[in-house]
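**Student:** Show me how the following folds:
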Amino acid sequence: MNRKLLFIHYAIIDKEGFGRTFMFAREMAKMGHQVTFLTTLPSSRFAWPYHTETRDNVKLLAFPDILPDNFRRTGFVFFSALLKLVYLIGNHNFDLVHSDTGHRPSAAIPSVFCQLVYRIPHVTEWWDDFGRGGQFDDKSFFKKLTHGFYDLYFQKPFIKLSSHTVVLSHYLKAKAMQWGVPENKITILHGGADDLKIPFSPNSSAAKSKKGIPPDTFTFGFIGMNSGELRDILPFIEAVVRLKDRFPINWFTTGGTLSPEFKKQYGIGTELHEFGWQSYDDYAVSLSAADAFILIQQDTNGNLARWPNKLGDYLAAGRLVLCNPVGDMAELMTAHPKAFVRTENNTESIMSQIEWMMDNKEELVGQRSSIRYISETKYSWKSKSSELLDIYTKLIDREN
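**Tutor:** Take a look at the predicted model:
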């Protein structure tokens with residue numbers, strides 16, 4: 001039976017987790033369901049009362065706000081939430097509402113309104129531990145005032161209120177159960193791989209040439225650079241700097257860039273290629289330029305709680321991942337050992353594994369098709385969305 005589904009994204013269109021939530025919406029539309037998706041416009045764009053477009057058969061509405069982007073991208077906007085409410089008062093004929101980071105005001109206000117006023121089942125996603133021991137501890141005093149204390153006191157009641165909670169890890173599931181959420185109201189659903197829009201290219205040379213990387217180098221890729229993840233991969237950076245005179249190693253990043261001072265401090269030279277934020281087409285070329293990807297994480301509560309969404313893109317590109325077993329990654333690495341080179345999070349271990357990769361380059365190229373196959377089967381967004389649809393169906397049937 002076709003359903004009318006409403007997705008509410010807490011942040012800005014095409015930013016801050018939009019990709020995961022929209023992948024679910026896209027796959028639901030492909031299954032024949034009527035899908036509406038609400039989000040917020042960035043400050044650089046304005047439309048009244050909202051911008052609307054149809055994307056992959058999803059009706060997408062993005063609402064304006066009056067606050068700057070650092071509030072919009074974290075979901076702390078109330079004008080956008082109010083406009084969503086006004087829209088939903090006139091358009092509330094939905095079978096189910098799905099919110100991401102569902103305690104933040106931009107998503108919480110309209111989704112809980114639908115749940116309480118119109119008795120629509122509400123599935124919320126919990127992506128991170130926003131309280132003490134998690135994100136709260138890393139925030140500045142100002143950010144604690146504007147964001148942190150709200151998270152501290154509101155993430156728990158909103159999670160307990162929802163009809164069902166989707167979490168990214170066993171860590172978050174255990175925490176929700178400690179708060180009294182019944183186990184049958186919690187589902188772990190890791191991120192998927194976009195095998196439809198990320199093409200598979202078994203050879204890296206052409207993509208390297210397009211991106212200005214010497215084709216004869218062994219090239220590592222790291223996508224979505226930011227200050228937090230930079231701390232995670234410092235041992236990898238140190239390993240590459242120590243090995244680059246012995247082996248033809250290059251690496252690239254997408255997203256944020258490193259400061260000249262940082263590069264000088266760590267001895268980073270022309271072996272690093274920084275591509276910044278890219279269009280999706282350029283991004284796909286960058287993925288194909290890699291011979292392997294990097295997923296090194298510190299063993300922190302934040303990394304135990306999260307799921308590295310970049311992993312889906314790594315698998316879709318069909319490339320090996322240099323990775324250490326943190327949180328739920330340990331289970332995946334055990335299930336698919338040929339997709340990963342296991343390392344510890346220290347420079348010596350990473351150096352040893354890179355040396356092994358240099359000695360086995362030809363064999364590793366031969367594994368790319370099997371890695372891509374993982375992304376096309378169990379870890380495709382189609383497969384993940386089928387799991388999610390099972391949750392939807394049970395909730396809708398119970399309500400009826």
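
**Student:** Next, F7: secondary structure please.
**Tutor:** Recorded secondary structure, F7: strand (DSSP: H, G, I helix; E, B strand; the rest coil).

**Student:** got a list of what it touches?
**Tutor:** Counting by CB atoms under 8 Å, 6 or more residues apart in numbering, F7 touches T21, F22, F24, A25, V35, T36, F37, L38, V97, H98, S99, D100. From N, CA and C alone the C-beta is placed, and that goes for glycine too.

**Student:** Now distance to V341, neighbour count and secondary structure too, for those residues, in CSV please.
**Tutor:** Shown next, in CSV, are the contacts of F7 (distance: CB to CB, whole Å; neighbours: other CB atoms under 10 Å; DSSP: H, G, I helix; E, B strand; the rest coil):
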residue, distance to V341, neighbour count, secondary structure
T21, 31, 24, helix
F22, 31, 23, helix
F24, 30, 25, helix
A25, 34, 26, helix
V35, 39, 26, strand
T36, 43, 21, strand
F37, 37, 27, strand
L38, 41, 27, strand
V97, 41, 29, strand
H98, 36, 29, strand
S99, 37, 30, strand
D100, 32, 27, strand
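
**Student:** which two in these are spaced the farthest apart?
**Tutor:** F22 and V97 (15.5 Å; CB to CB).

**Student:** Pull the contacting residues for K139.
**Tutor:** H147, G148.

**Student:** now it: how far from P157?
**Tutor:** 20 Å (CB to CB, to the nearest Å).

**Student:** again, but for I66
**Tutor:** For I66 relative to P157 (CB to CB), the value is 27 Å.

**Student:** Likewise for G19?
**Tutor:** When G19 is compared with P157 (using CB to CB), they lie 28 Å apart.

**Student:** who's more crowded, the two?
**Tutor:** Counted by other CB atoms under 10 Å, G19 and P157 do not tie: G19 has more neighbours, with 16 against 11.

**Student:** That one reaches D313, doesn't it?
**Tutor:** No: contact criterion CB atoms under 8 Å: G19 and D313 do not qualify, at 9.4 Å.

**Student:** Identify the contacts common to those two.
**Tutor:** Joint contacts of G19 and D313 (CB under 8 Å, 6+ apart) are D194.

**Student:** count of residues packed around I89?
**Tutor:** 11.

**Student:** The contacts of F7 into JSON lines, with extra columns for distance to L60?
**Tutor:** Converted to JSON lines, those look like this (distance: CB to CB, whole Å):
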{"residue": "T21", "distance to L60": "11"}
{"residue": "F22", "distance to L60": "8"}
{"residue": "F24", "distance to L60": "13"}
{"residue": "A25", "distance to L60": "8"}
{"residue": "V35", "distance to L60": "9"}
{"residue": "T36", "distance to L60": "8"}
{"residue": "F37", "distance to L60": "5"}
{"residue": "L38", "distance to L60": "8"}
{"residue": "V97", "distance to L60": "16"}
{"residue": "H98", "distance to L60": "14"}
{"residue": "S99", "distance to L60": "16"}
{"residue": "D100", "distance to L60": "14"}
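
**Student:** For stretch 104-117, list every residue counted as buried.
**Tutor:** For stretch 104-117, a neighbour-count test (16 or more other CB atoms under 10 Å) marks R104, P105, S106, A107, A108, I109, P110, S111, V112, F113, C114, Q115 as buried.

**Student:** out of those, who's nearest A239?
**Tutor:** Nearest to A239 among these, with distances taken as CB to CB, is R104, at 37.5 Å.

**Student:** For the worst-scoring helix or strand of the chain on mean pLDDT, which outside residues touch it?
**Tutor:** Every helix and strand in the chain was compared by mean pLDDT, DSSP states H and E; the lowest is helix 135-138, with a mean of 75. By CB under 8 Å, 6+ apart, the surrounding residues in contact with helix 135-138 are D128, D129, F130, K144, G148, D151, L152, G228, G302.

**Student:** Quick check on those residues: which are buried?
**Tutor:** D128, D129, F130, K144, G148, D151, L152, G302.

**Student:** any chance of the residues you listed in JSON lines, plus pLDDT and distance to M333?
**Tutor:** Converted to JSON lines, those look like this (pLDDT from 0 to 100; distance: CB to CB, whole Å):
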{"residue": "D128", "pLDDT": "86", "distance to M333": "22"}
{"residue": "D129", "pLDDT": "86", "distance to M333": "22"}
{"residue": "F130", "pLDDT": "81", "distance to M333": "27"}
{"residue": "K144", "pLDDT": "81", "distance to M333": "35"}
{"residue": "G148", "pLDDT": "79", "distance to M333": "33"}
{"residue": "D151", "pLDDT": "83", "distance to M333": "31"}
{"residue": "L152", "pLDDT": "83", "distance to M333": "33"}
{"residue": "G302", "pLDDT": "86", "distance to M333": "19"}
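
**Student:** Now intersect the residues you listed with the helices, please.
**Tutor:** Under the assignment DSSP state H, those contribute D151, L152, G302 to helices.

**Student:** Assess the claim that the first one and H103 are in contact.
**Tutor:** To tie it back to what came earlier, the one meant is D151. Yes: counting by CB under 8 Å, D151 touches H103, with 7.2 Å between them.
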